[in-house]
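Student: Mind looking at a prediction? Sequence and model below.
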Amino acid sequence: MNMQDAKNNFKVGEIRPTQILFSYGVGSIIDLPNISVMVMGLEDWNVHYMNDVSEERLLAAVKNRLGNQVNWLKLPPVPEDNGNGFFNPFAENSTIGIPVAPFPRWLRCPKCNLLAPIASNLFELKTDFYHTDKIRYVHASCPKFNQPTVLPARFLVACEDGHLDDFPWIEYVHKGMKDCIKARLSLLEYGVSGTARDIEVVCDTCNKRRRMAEAFEREQIDVLPKCRGRNPHLRMFSDNGCQGKRNMEPILLGASNSWFPITMSALHIPAAGNKLQQLIEDYWAILEKVTSKEVLIFSRSTGQLKSFAEYSDNEIWDALVVRKNSEQNQNNEVVDLKIPEWNVFTNPEESGRTDDFQLTTVEVPSGYENYFSKVVLVERIKEVRALIGFTRIESPGDFDNISEIPEIKQVGLSKKSPAWVPASLVKGEGIFLQFNEETLSNWLKKKEILESEKSFWEAHCGWRRKRKIVPEKEGFYGIRFILLHSFSHALMRQFSLECGYSSASIRERIYSQNPSEDKNPMAGVLIYTSAPDSEGTLGGLVHLGNPQILARHIYHGLERMRLCSSDPLCAEHSPLMDDTSLHAAACHACLFVPETSCERGNKYLDRSLISNTVCKNTDSFFD
């Protein structure tokens, strides 16, 4: 991460490339040891140090969401290692990174309690090019201590439409009155609890004071002014302010609801054809820019296309022309990202094998032939993810898919329509299990299962009604998905005990689709790992796909679902009990997994569908 002031552009910290999509993406706040910074919009990023990643299916889906002006998926800039293990702040690559700026802009001196913005020039930035953890702001003229380190004010305001702003300290302490000239504020803390009721903001000029607890009182809607529509990551205010004309909501610095990423992902599927065609697909991010045979020859001379060593320039150029022509002739119809993946996993014999995609079919574990029709070991897999926006206050997980997120709530990554979006590329391994469609179809027709589906549907409608998501009766996945989802969680929790990966390193991909006139049924789960290096491909998960080992893990995974340490409360839980959850018999003690591992944020789960519980001893899918 690089922060730029009036004189320098310097490094302030480090984050992993994958964190840019899930933890610290554009518009998020990163809490460093002494300062807090915000990741800036795409206009501030230096694309000259960013590599393109080729994944046509994902790019087409991003274009469908953000517009056809999106041309690239770009990996975050990563400086090259100099090899000596020491950081040189004066080297040419020292400024390679993602741009950040200080936020919030209000700081507090812990010694004299002074509360003021950075623009007041009361605080001085102390840089340390060699020790980024020592970069800080100091109160140079503090009367009680010699240049103490000042810290960010930990109160902010946000609105449901994605705007974020500094807390309106001056307006708040004066209750909207503007009769105080040259206000000088102090932030006092009484006691050690740190709660809002023990914090008071005081104007030293007019002696007005107000407790912070009043800002969090929901009953008083006029405590804070209307939202100004600020997007600090874009250095701008929205046109006409906040279109929703919403009241500001106070939040704390570092609150989990201050930034929710909106991401899309796709698994890399080899293109049908020969090895040369596959190589062109893998290197399309480079070859797309090749406009003539001379440019191709030059690219090969620079060492960018070493994998094409066995082919001549003419062979590569002819194949490249065919690829460019096919791209121009293909239609712009965007299909479900999971359908091509399902077709490959259910027909692994017809798929190609590359260094990043290798499938092996194994026998269905003994005793489970009636439940599964196919088990495929995914020895190598590559996943590409893209960040297309974010929300604040309300999580995208409240919506069934990103297309339902209202445009006014989705915050953009740039001032104008982006020509590229940040992406990450991770590799891993996994196990795919295809359910027996005949057994599943017969089970779905049972009266008790239909009643359970009705309960989930009513809870689903109530959930959307409370959150004002329209239409409220759409987007329900059905009991088929809930069964697959619950089984996937049970197996992930079981795998994490032996595969060598932590539970947060294992992810799921659910393939669920009810049969219709124009759609074939899908019922399968992919449990896989993903990491930005070779760590996700060590073979620990694929090893568990051995039929005998897999049978043991399925058995123990289902057996663990019979009892929960929270029973009978967990087993008795119904999705209709409240409007804050969308699950039945499930909790952190039995079925929940880390939210980064789950497709649906630990919703639509019920362990009684896959195993008998203390409250239900019939009609589970597995005997």
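Tutor: On my side now, so go ahead. Since the model is a prediction, treat every value here as computed from it, not as a measurement.
Student: if you skip the residues just before and after it, what's nearest to Ser23?
Tutor: Ile15 (7.5 Å; C-beta to C-beta, 6 or more residues apart in numbering). For every residue, glycine as well, the C-beta is placed using N, CA and C.
Student: tell me the pLDDT at the one you found?
Tutor: At Ile15, the pLDDT value in this model is 86.
Student: Check whether it sits in a helix, strand or coil.
Tutor: Here Ile15 is recorded as coil under DSSP: H, G, I helix; E, B strand; the rest coil.
Student: Surely Ala423 is in contact with Lys74?
Tutor: Yes: with contacts counted by C-beta atoms under 8 Å, Ala423 reaches Lys74, the gap being 6.2 Å.
Student: and those two? which has more neighbours close in?
Tutor: Ala423 (29 against 21; other C-beta atoms under 10 Å).
Student: part of a helix, is the more buried one?
Tutor: No: counting by three-state DSSP, Ala423 is not found in a helix; it is strand.
Student: Can you tell me how far it is from Arg385?
Tutor: 6 Å (C-beta to C-beta, to the nearest Å).
Student: Show me whatever sits in contact with both of the two.
Tutor: Counting by C-beta atoms under 8 Å, 6 or more residues apart in numbering, the residues touching both Ala423 and Arg385 are Leu21.
Student: returning to what we had before: please identify every residue contacting each of Ala423 and Lys74.
Tutor: Val53.
Student: can you give me the helices for the stretch 1-150 of the chain?
Tutor: Secondary structure of the stretch 1-150 of the chain (DSSP state H, counting those that start in this stretch): helices at 19-22, 56-66.
Student: my read: Val378 touches Leu526, true?
Tutor: Yes: if you go by C-beta under 8 Å, Val378 and Leu526 touch, sitting 7.0 Å apart.
Student: Overlap in contacts, those two.
Tutor: By C-beta under 8 Å, 6+ apart, the residues touching both Val378 and Leu526 are 345, 430-432.
Student: Mind checking which of those residues are in helices?
Tutor: Phe345 (DSSP state H).
Student: and which of the shared contacts of Val378 and Leu526 is nearest to Ile20?
Tutor: Gly430 (23.6 Å; C-beta to C-beta).
Student: measure the closest one to Ile527 for me?
Tutor: Distance from Gly430 to Ile527, by C-beta to C-beta: 6 Å.
Student: And Cys180, by the same measure?
Tutor: 61 Å.
Student: ditto for Ser488
Tutor: Separation of Ser488 from Ile527 (C-beta to C-beta): 6 Å.
Student: what does stretch 581-598 contact?
Tutor: 22, 397, 452, 455-456, 459-460, 463, 486, 489-490, 492-493, 503-504, 506-508, 560-561, 564-566, 570-575, 601-608, 613, 615-616.
Student: Same question for stretch 212-226.
Tutor: With contact meaning C-beta under 8 Å, 6+ apart, stretch 212-226 is reached by 155, 157, 167-168, 171-172, 176, 195-197, 199-201, 241-242, 245-250.
Student: for the stretch 151-300 of the chain, what are the low-confidence residue spans?
Tutor: 218-221, 240, 244, 271-274 (pLDDT under 70).
Student: Would you map out the domains in the chain?
Tutor: Following automatic domain parsing, the chain resolves into domains at 1-45+98-108+116-146, 438-504+534-609.
Student: and those domains as a markdown table, adding distance to Glu517?
Tutor: Shown next, in a markdown table, are the domains of the chain (distance: least, C-beta to C-beta, whole Å):
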| stretch | distance to Glu517 |
| --- | --- |
| domain 1-45+98-108+116-146 | 37 |
| domain 438-504+534-609 | 16 |
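Student: looking at those domains, which is closest to Arg235?
Tutor: Smallest distance to Arg235 across those (C-beta to C-beta): 7.7 Å, for domain 1-45+98-108+116-146.
Student: Contacts only, for Arg480.
Tutor: 440, 444, 512, 514, 523.
Student: From Ser403, how far out is it?
Tutor: In terms of C-beta to C-beta, Arg480 sits 21 Å off from Ser403.
Student: Mind listing what's buried along whichever helix in the chain runs longest?
Tutor: Scanning the chain for the longest helix, with DSSP H as the assignment, gives helix 447-466. Neighbour-count burial for helix 447-466, with 16 or more other C-beta atoms under 10 Å as criterion, is recorded at 449, 452-453, 456-457, 459-464.
Student: Let me see the ranges of the helices in the stretch 351-500 of the chain.
Tutor: 437-444, 447-466, 479-495.
Student: follow-up on the earlier one: mean neighbour count and mean pLDDT added to the helices of the stretch 1-150 of the chain, as CSV?
Tutor: Listed next are the helices of the stretch 1-150 of the chain as CSV, based on neighbours: other C-beta atoms under 10 Å; pLDDT from 0 to 100:
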stretch, mean neighbour count, mean pLDDT
helix 19-22, 18, 87
helix 56-66, 19, 91
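Student: so can I have TSV of those helices showing distance to Leu187?
Tutor: Below are those laid out as TSV (distance: least, C-beta to C-beta, whole Å):
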stretch	distance to Leu187
helix 19-22	31
helix 56-66	41
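Student: Please identify which of these is closest to Asn146.
Tutor: Closest among these, once you apply C-beta to C-beta, is helix 19-22, at 36.4 Å.
Student: Which strands or helices does the closest one pack on?
Tutor: With contacts taken as 3 or more C-beta pairs under 8 Å, 6 or more residues apart in numbering; DSSP states H and E, helix 19-22 sits against strand 260-267, strand 372-391, strand 420-435.
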